[in-house]
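# Give me coordinates for this.
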Amino acid sequence: MGTSRQKKQRAQDDDRPGVWVAYGKLVKLWRNKSGLTQQELAEAVGYSCDQLASIEQGRRPAKSAFTDAAEVVLKAGGTLAVLQDDVDLAKLPAFFQDFALIETEAVSRYDFDPLLIPGLLQTEAYARALFSRHCPSLSEEIIEQHLEARLSRQKLLTRTPIVETCFIIGEAALTSTVGGPDVMRTQLQHLLKQGLLRNVEIQIMPSNSGFHPGLGGPMVVLETLEHRRVGYIESQDVGVVITDSANVSAFDLRYGKLRTQALNADESARLIERVAGEA
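Reported below is the predicted structural model:
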């Protein structure tokens with residue numbers, strides 16, 4: 001029995017993201033330099049001793065609140081804070097992490113999703129409903145990690161420098177009651193609010209629009225600070241970053257046509273309002 005538990009623990013340790021392990025080692029180093037026990041540091045930052053031990057062992061990611069408190073208590077000089085973005089990045093599903101890293105350097109981002117509200121526009125309740133129904137099922141801990149990471153990514157819409165964004169959303173995403181009527185009503189109201197941001201344009205592709213270039217599936221086209229254009233496609237927990245210039249050019253062409261066939265921003269807002277009133 002003991003050997004079985006040891007093997008299971010080793011397997012779990014092998015899955016630890018490297019940045020979590022490195023962060024945990026830094027916490028332990030600074031704690032030892034400060035002459036604090038795990039219990040003393042845990043009490044100082046408002047964590048349990050077990051939670052702190054998990055962070056030091058790289059089995060649990062640190063939240064921003066923990067990092068802020070630990071920086072003060074340990075006088076860590078910013079060495080923990082500088083890793084926080086990377087710690088958060090590792091909370092994302094592995095297939096998405098490469099694109100998420102590129103996304104942090106975006107100056108423009110254009111998104112088409114025919115079936116779901118895009119992640120950058122999701123409410124916490126809507127995102128939680130999606131993660132909770134994932135197949136195969138996710139543990140509560142993984143759900144919380146993915147949720148934190150998704151909500152953190154939404155800073156992209158309000159950060160400086162401004163990122164110009166456009167979201168074309170299939171009408172089916174508005175009428176699919178993910179999480180139930182109350183969750184969807186709040187989600188639709190959130191769409192209307194986000195659409196008021198000066199760098200966010202939301203367009204709806206009507207269900208009766210017939211053939212359009214987005215029938216092949218969702219896609220994202222992004223331009224980086226270095227004016228490099230990148231595409232991204234995702235389906236069934238498989239994500240692919242597209243860097244070949246000819247393929248990205250084709251994405252640009254398709255997206256341009258999608259924008260002409262979708263409802264404009266004002267028409268889209270009126271449709272979202274109508275669906276929200278019926279939800």
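
# what's the next secondary structure element after the lowest-mean-pLDDT helix or strand in the chain?
Taking mean pLDDT, DSSP states H and E as the measure, the chain has helix 2-14 as its least confident helix or strand, at a mean of 53. Following helix 2-14 in sequence order, the next helix or strand is helix 18-34 (DSSP states H and E).

# quick one: contacts of the next helix-or-strand element following that next one?
Toward the C-terminus, helix 18-34 is succeeded by helix 38-45 as the next helix or strand (DSSP H and E). Residues lying outside helix 38-45 but in contact with it, judged by C-beta atoms under 8 Å, 6 or more residues apart in numbering, are 31, 34, 36, 48-49, 51-53, 56, 66, 69-70, 73-74. Placement of C-beta: from N, CA and C, glycine included.

# now with 6 Å?
Identification of contacts with helix 38-45 by C-beta atoms under 6 Å, 6 or more residues apart in numbering yields Arg31, Cys49, Leu52, Ala53, Phe66, Ala69, Ala70, Val73.

# Now do the same for the second one: its pLDDT.
Right, the one you point to is Cys49. Here, the pLDDT recorded for Cys49 equals 95.

# Lys33 versus that one, what's the distance?
19 Å (C-beta to C-beta, to the nearest Å).

# do the same with the last one
Val73 is 12 Å from Lys33, where distance means C-beta to C-beta.

# out of these two, which sits in the more crowded spot?
Using other C-beta atoms under 10 Å, the more surrounded residue of Val73 and Lys33 is Val73, with 17 against 11.

# Once you drop chain neighbours, what's closest to that one?
Leaving aside its chain neighbours, Val73 sits nearest to Ala44 (4.7 Å; criterion: C-beta to C-beta, 6 or more residues apart in numbering).

# Gln145 reaches Lys91, doesn't it?
Yes - between Gln145 and Lys91 there is a contact at 4.1 Å, judged by C-beta atoms under 6 Å.

# Same question for stretch 198-205: list its buried residues.
Buried residues in stretch 198-205, counting neighbours by 16 or more other C-beta atoms under 10 Å, are found at Val200, Glu201, Ile202, Gln203, Ile204, Met205.

# Which neighbours in the sheet does the host helix or strand of the second one have, and how are they oriented?
Read it as Glu201. Secondary structure assigned from DSSP H and E places Glu201 in strand 200-205. Paired strands of strand 200-205, with direction, are strand 164-170 (parallel) (DSSP bridges).
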